[in-house]
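Asker: 3D model of this:
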Amino acid sequence: MKVERVRESSPELVEAMRRLVAQLSRTASRASESDIGGVLSSESVFLLLARSDANEIVGMLTLALVRIPTGLRAWIEDVVVDEQGRGAGIGSALVSEALAIARAQGARTVDLTSRPDRAAANRLYERLGFARRETNVYRFNLGDPDR
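Answerer: Coordinates of the predicted model:
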């Protein structure tokens, strides 16, 4: 298994992202080629893929870097490992690579959120050294008010 940063879209990438995101969220919309191109063209976003020994895409992670007045921050989003590959260290490899990139870029912290029902993911983050923060996460929906 290897982890790589993706910089160009391909039909394989589009299919894999659609398959993986569907395993992560029932409400997420299908990513279009344009959406994926927007992610890949951003200098502050790193899309990481995990590939099996057979070169199949088996996991993904998005790392976003944001410069704010208090320093460079990093945020991990959309961590998902294909159902058949869970428990094999793929998630750990993806997160470890994201942490290495964030550190090399000079980020002060790396944040992420995870739903409480994702018990295995939460154990992984704690095992890798993430500390739970006492904070509130708020969301304002700018889209369809009926959603």
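Asker: for the protein, what helix or strand is lowest in average pLDDT?
Answerer: helix 33-41 (a mean of 89; mean pLDDT, DSSP states H and E).
Asker: list the residues that contact Ala120.
Answerer: When contacts are counted by CB atoms under 8 Å, 6 or more residues apart in numbering, Ala120 touches Arg86, Gly87. The way it works is simple: take the backbone N, C-alpha and C, and place the C-beta from them, glycine included.
Asker: the same query, at a cut-off of 10 Å, please.
Answerer: Each residue near Ala120 by CB atoms under 10 Å, 6 or more residues apart in numbering is listed here: Val81, Arg86, Gly87, Gly91, Ser114.
Asker: ok so, going back, partners of whichever helix or strand comes after the least confident helix or strand of the chain, with directions?
Answerer: Of the helices and strands lying after helix 33-41 in sequence (DSSP states H and E), the nearest is strand 45-51. Paired with strand 45-51 in the same sheet, following DSSP bridges, are strand 2-6 (antiparallel), strand 57-68 (antiparallel).
Asker: and the angle for the helix or strand just after the last one with strand 57-68?
Answerer: Using DSSP H and E, the next helix or strand after strand 57-68 towards the C-terminus is strand 71-81. Comparing the axes of strand 71-81 and strand 57-68 via axes from the mean of the first three to the mean of the last three CA atoms, to 10 degrees yields an angle of 160 degrees.
Asker: list the buried residues in strand 71-81.
Answerer: Arg73, Ala74, Trp75, Ile76, Asp78, Val79, Val80, Val81 (16 or more other CB atoms under 10 Å).
Asker: next one: it to chain centre, how far?
Answerer: 6 Å (CA atoms, centre = their mean, to the nearest Å).
Asker: start at 788, not 1
Answerer: From this message on, residue numbering opens at 788, which makes the last subject strand 858-868.
Asker: run the angle between it and helix 820-828 for me.
Answerer: Strand 858-868 and helix 820-828 meet at an angle of 130 degrees, taking the same axes, to 10 degrees as the criterion.
Asker: helices or strands up against strand 858-868?
Answerer: If you count contacts as 3 or more CB pairs under 10 Å, 6 or more residues apart in numbering; DSSP states H and E, strand 858-868 packs onto helix 798-811, strand 832-838, strand 844-855, helix 877-892, strand 896-898, helix 906-914.
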